[in-house]
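S.K.: sequence? don't have it. structure:
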């Protein structure tokens, strides 16, 4: 995987505080961005799951049971 650079402007005082506390900015930013991606992917999956739930709710229970039984017999 090839890395890319990202540039961000922050107040000088914040940069000084980060340096004084020994904060590894690149590590913190990388973790924050990874977490944001995970959060958004989870939101997307929840949306898809909700749509699937609404779809399957329209299928009569008897049809689902019949399909499961047919599948088991075919094994």
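M.R.: Arrived safely, thanks for sending. Model, not experiment: these values are computed from the prediction.

S.K.: Neighbours of residue 11, how many?
M.R.: 8 (other CB atoms under 10 Å). In this view, the C-beta of every residue, glycine as well, is placed from N, C-alpha and C.

S.K.: Give me the pLDDT for it.
M.R.: Model confidence at residue 11, given as pLDDT, is 98.

S.K.: Over to the one 4 residues further on?
M.R.: At residue 15 the predicted local confidence, pLDDT, stands at 97.

S.K.: what's the helix or strand containing it in contact with?
M.R.: Using DSSP states H and E, the element containing residue 15 is helix 12-20. With contact meaning CB atoms under 8 Å, 6 or more residues apart in numbering, helix 12-20 is reached by residue 25.

S.K.: next structured bit after it?
M.R.: Criterion used, DSSP H and E; the element after helix 12-20 is helix 25-57.

S.K.: picking up where we left off before, by how many degrees do the helix holding residue 15 and helix 25-57 diverge?
M.R.: 100 degrees (axes from the mean of the first three to the mean of the last three CA atoms, to 10 degrees).

S.K.: Could you number the chain from 11 rather than 1 from now on?
M.R.: From this message on, residue numbering opens at 11, which makes the last subject helix 22-30.

S.K.: what distance separates helix 22-30 from the middle of the whole chain?
M.R.: 31 Å (CA atoms, centre = their mean, to the nearest Å).

S.K.: Give me the distance between the residue sitting nearest the centre point of the chain and residue 24.
M.R.: By CA atoms, centre = their mean, the chain has its centre lying nearest to residue 51, at 2.4 Å. According to CB to CB, to the nearest Å, residue 51 and residue 24 sit 29 Å apart.

S.K.: how far off helix 35-67 does the lowest-mean-pLDDT helix or strand in the chain point, in degrees?
M.R.: Every helix and strand of the chain was ranked by mean pLDDT, DSSP states H and E. The lowest is helix 71-84, at a mean of 92. Angle between the axes of helix 71-84 and helix 35-67 is 100 degrees (criterion: the same axes, to 10 degrees).
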